[in-house]
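>>> from the sequence below, what's the structure:
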Amino acid sequence: MTGKEWTVPRLTSSSGASRLGRSEAAPVIEEVNIVWWADLLWGFWNGLTAWIVFVVHIFGGWEQFPFYNEARSGNWYDFGFLLGAGSPLLGAVGGRGRRG
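Now for the predicted structure:
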């Protein structure tokens with residue numbers, strides 16, 4: 001394990017059940033590495049592009065592209081999504097204050 005990675009056990013079925021003489025698939029625990037920064041970056045990207053997807057959704061297009069990815073939802077994804085969705089607004093507000 002390197003850096004800030006977490007290992008999460010995931011229960012899957014094995015195709016080697018027939019070799020064991022069983023008719024059903026034998027459960028196998030496989031480890032999956034979850035990297036927190038990948039969820040953060042996906043959240044930021046989806047939040048940044050959410051404004052475009054939102055406008056297109058209003059006019060009935062791109063129904064196959066979700067506004068928010070529920071499969072990735074979690075603390076880091078949510079934080080990245082909020083940063084990405086708020087960044088155009090924060091940039092506009094910060095830019096106005098410097099002109100005056």
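>>> and residue 44, how many residues sit next to it?
20 (other CB atoms under 10 Å). Every residue, glycine included, has its C-beta placed from N, CA and C.
>>> with the one 5 residues further on instead?
With neighbours defined by other CB under 10 Å, the count for residue 49 comes to 14.
>>> that one and residue 77, how far apart?
Distance, residue 49 to residue 77, by CB to CB, to the nearest Å: 14 Å.
>>> so what's residue 35 bridging to?
Beta-bridge pairing for residue 35 (DSSP bridges): residue 5.
>>> would you confirm that residue 85 contacts residue 45?
No. The pair residue 85 / residue 45 is not scored as a contact, 10.8 Å apart, by CB atoms under 8 Å.
>>> how about the nearest residue in space to residue 80 that is not next to it in sequence, secondary structure?
Closest residue to residue 80 apart from its sequence neighbours, by CB to CB, 6 or more residues apart in numbering: residue 43 at 2.5 Å. Classification of residue 43 using DSSP: H, G, I helix; E, B strand; the rest coil returns helix.
>>> does residue 43 touch residue 75 like I think?
No. With contact defined as CB under 8 Å, residue 43 does not reach residue 75; the gap is 9.6 Å.
>>> quick one: low-confidence parts of the chain?
1-34, 91-100 (pLDDT under 70).
>>> as a check, name the ranges of all strands in it.
Per DSSP state E, the chain carries strands over the ranges 5-14, 26-35.
>>> what's in contact with stretch 71-82?
With CB atoms under 8 Å, 6 or more residues apart in numbering as the test, stretch 71-82 has contacts from 36-37, 39-47, 50, 68-69.
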